[in-house]
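# Dropping a prediction and its sequence here:
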Amino acid sequence: MATKRNDNIFQLSLTELAFTIIFILLLLLGFVVFQEQKARKELEQELANSQSAERATDALVQARSQLREALVRAKALKPDEVISRLVASADVSAERDRYKAKVDDLDAKLTALEEIQKKVDSAADTSKSDVIKEEVLSSLALQSAVRKELEIAEPGKPVGPKDKATLLEQTKDALALSQALRKEVKAQLGKEATAGDTQKAMAEVIQNAKRFAELGQGGIKPELIRKENADLRGQVAFLKNRLDARGGRDYPPCWADESGKVEFLFAIELKDDSVVVTPAWPSKREADARALPDIQRTLEAPFAHSEFASRVQGVFGWSKKQDPECRHYVQLRSTISDAVRSDRARLVVENYFYKVEQRR
């Protein structure tokens, strides 16, 4: 029995393969036709543009020829020179319009200045008149400076209506800033700032603001620096007072005012069976006191004598970490009846604080 011939390739019949090839060829043919049509349209567009430019050139040449013939008929000696003069006259006309606009602008400014001068001259009070004149001159100088800045920023560009509105707003803002600065200089420094001093004062304000900002770049707030300086001045004054009195202690007080007077932290009362700790700090130290470690636990209800060390350990550790190391002062009062126990409790307090004892 004869073997049946296999006419399939890759599970496709020869007919299916032929249809697939024809379809691919049709796609390629369509792509080629599309590209040809696109190229043809681009060429047609370029041709239309060149024809339009050529027609415009022909029209100009024809107009020039007609003008030349007209000039020849009018017996002009040099037609080409006349045409060149006509072209130049168009440029001169545009320049004349620009100069006319500038003249109108200057005339409006002059009119405004005349009105200002009339108001200044009509002022009855001489001193007030001088002040008005100074303000006007300062305003005009400021306006001129701003206008120059605009010209520097965009050289060659005329100042348009929008730029004039911006210039007016900037001038108003500058005048308001100048008046506010003069007011603050008078209020804070007790000085009268003239027009010349305003710029100097502004420079000093900017310089001081820069220094203030530099202080905070290290992560330390200037307010904290000022507070620490006040504390250090108080400690120095306290130590100086102690040296002058030929006495003293190992560490300065953590809190003292600038005159060296000690500021207390706690009032501690020693009882037979408990210890009572209450605030004794001045009102200005409220935030500083509340920021101390374990302060709330220290101020809680009366606690046993054995808990005293653990309760005040946070505050004591804080004082040891200061630079220079310091100690807090407390007001101590003992109501313990037994003298020996009272002395022992007093010594425990002295391990952590400097005390000023209130006698019974």
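Now that the structure is in, tell me what you want to look at.
# where in this protein is pLDDT low?
Low-confidence segments of the chain, defined by pLDDT under 70, span residues 1-11, 71-93, 110, 112-172, 175, 185, 188-249, 360.
# all strands of it, in order?
Counting by DSSP state E, the chain has these strands, from start to end: 8-9, 12-13, 266-270, 275-279, 329-334, 354-357.
# Residue ranges of each domain in this structure, please.
Listed by automatic domain parsing, the domain ranges of the chain are 12-67, 133-219, 233-357.
# Just the buried residues of stretch 303-316, please?
Buried residues in stretch 303-316, counted by 16 or more other C-beta atoms under 10 Å: 303, 305, 308, 311, 312, 315, 316. For the C-beta atoms, the positions are set from N, CA and C on the backbone; glycine is no exception.
# whoops, I mixed them up, stretch 174-183
Quick answer for stretch 174-183 (16+ other C-beta under 10 Å): 174, 178, 181, 182.
# Which one of those is nearest to residue 355?
residue 181 (52.6 Å; C-beta to C-beta).
# Distance of that closest one relative to residue 174?
Per C-beta to C-beta, to the nearest Å, residue 181 is found 10 Å from residue 174.
# repeat for residue 12
Counting by C-beta to C-beta - residue 12 and residue 174 are separated by 86 Å.
# again, but for residue 344
In this view, residue 344 and residue 174 are 74 Å apart by C-beta to C-beta.
# Which helix runs longest in the chain?
As assigned by DSSP state H, the longest helix anywhere in the chain is helix 14-73.
# Packing partners of it?
Judged by 3 or more C-beta pairs under 8 Å, 6 or more residues apart in numbering; DSSP states H and E, helix 14-73 is in contact with helix 79-121.
# rewinding a little: would you mind giving the buried residues of stretch 174-183 as a markdown table with distance to residue 27 added?
Converted to a markdown table, those look like this (distance: C-beta to C-beta, whole Å):
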| residue | distance to residue 27 |
| --- | --- |
| 174 | 72 |
| 178 | 78 |
| 181 | 79 |
| 182 | 83 |
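# Now, these that are in helices?
Within those, residues falling in helices by DSSP H are 174, 178, 181, 182.
# Nearest to residue 26 among these?
residue 174 (76.1 Å).
# picking that back up, quick one: closest of the strands of the chain to residue 61.
strand 12-13 (69.5 Å).
# Sheet-wise, list the partners of that closest one with their directions.
As defined by DSSP bridges, the strand partners of strand 12-13 come to strand 8-9 (antiparallel).
# picking that back up, of the ones in helices among the buried residues of stretch 174-183, which pair is most distant in space?
For those, with distances taken as C-beta to C-beta, the pair at the greatest spread is 174 and 182 (12.6 Å).
# Residue 281 - how many residues pack around it?
Using other C-beta atoms under 10 Å, residue 281 has 18 other residues around it.
# If we ignore the residues flanking it in sequence, what's nearest it?
Distances taken as C-beta to C-beta, 6 or more residues apart in numbering place residue 289 nearest to residue 281, at 4.7 Å, with adjacent residues excluded.
# Tell me how far the one you found lies from residue 330.
Applying C-beta to C-beta to residue 289 and residue 330 gives a distance of 12 Å.
# so what sits against both of the two?
Shared contacts of residue 289 and residue 330, defined by C-beta atoms under 8 Å, 6 or more residues apart in numbering, are found at residue 265.
# More neighbours: which of those two?
Remark: of residue 289 and residue 330, residue 330 carries more neighbours, 22 against 19, as counted by other C-beta under 10 Å.
# correct me, but the more buried one touches residue 267?
Yes - using C-beta atoms under 8 Å, residue 330 is in contact with residue 267, at 6.9 Å.
# Next, show the common contact partners of the two.
Jointly contacting residue 330 and residue 267 under the rule C-beta under 8 Å, 6+ apart are residue 280.
# that older thread, biggest separation within the buried residues of stretch 303-316, which pair?
Going by C-beta to C-beta, the pair spanning the buried residues of stretch 303-316 furthest: 305 and 315, at 17.4 Å.
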